[in-house]
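Asker: A predicted structure for the sequence below; I have some questions about it.
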Amino acid sequence: LPNEMTSLGQKFHTQIYASNITLLKDLENAIAIGAHHCYGGLMMPPLSRHQMLHTSDSRIAKAIFSLHPHKNLNGDK
């Protein structure tokens, strides 16, 4: 289905919008289907695809950083 949606989007010069994004898993699913823009809850501003990928990258970086603790915790545990 994601490939079909992407090819139709290219054929008709459209973009995919994902709405009601409330959980990080929803954001991951929106990225998987190739959404160009995401909308969350009432107070959440729209996210571009670049921002979605940046959010995903930040999450991965945080996970990697937690595996390799540093000497100065700065209050982090």
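Answerer: Cool, got the structure. Numbering: from 1, shown residues only.

Asker: can we go C-alpha only for contacts and neighbour counts from here?
Answerer: OK.

Asker: Run through the protein and note the low-pLDDT ranges.
Answerer: 1-2, 41-77 (pLDDT under 70).

Asker: Pretty sure H36 sits against T14.
Answerer: No - with contact defined as CA atoms under 8 Å, H36 and T14 do not form a contacting pair (9.6 Å).

Asker: out of these two, which sits in the busier spot?
Answerer: Using other CA atoms under 10 Å as the criterion, H36 and T14 rank with H36 on top: 17 against 13.

Asker: how near is that one to L27?
Answerer: Applying CA to CA, to the nearest Å, the value for H36 to L27 is 11 Å.

Asker: for T14, same thing?
Answerer: Computed as CA to CA, the T14 to L27 distance reads 20 Å.

Asker: Is S19 located within a helix, as I assumed?
Answerer: No - assessed with DSSP: H, G, I helix; E, B strand; the rest coil, S19 is strand; it does not lie in a helix.

Asker: Please identify the helix or strand for L27.
Answerer: helix 24-32 (DSSP states H and E).

Asker: The helix or strand following that helix packs against which elements?
Answerer: Moving toward the C-terminus from helix 24-32, the next helix or strand (DSSP H and E) is strand 37-40. Using 3 or more CA pairs under 8 Å, 6 or more residues apart in numbering; DSSP states H and E as the contact test, the elements touching strand 37-40 are strand 17-21, strand 47-48.

Asker: What helices and strands are in contact with the first one?
Answerer: Okay, so that is strand 17-21. Applying 3+ CA pairs under 8 Å, 6+ apart, one finds that strand 17-21 contacts strand 37-40.

Asker: so what strands line up beside the strand it packs on?
Answerer: Strand pairing for strand 37-40, using DSSP bridges, gives strand 17-21 (parallel), strand 47-48 (antiparallel).

Asker: Just the CA atoms of it, as CSV, please.
Answerer: Extracted C-alpha coordinates of strand 37-40, given in CSV (Å, rounded to 0.1, in the frame of the first residue of the first chain):
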residue,chain,number,x,y,z
HIS,A,37,2.9,16.3,6.5
CYS,A,38,1.4,15.2,9.8
TYR,A,39,-1.1,16.8,12.1
GLY,A,40,-1.5,15.9,15.8
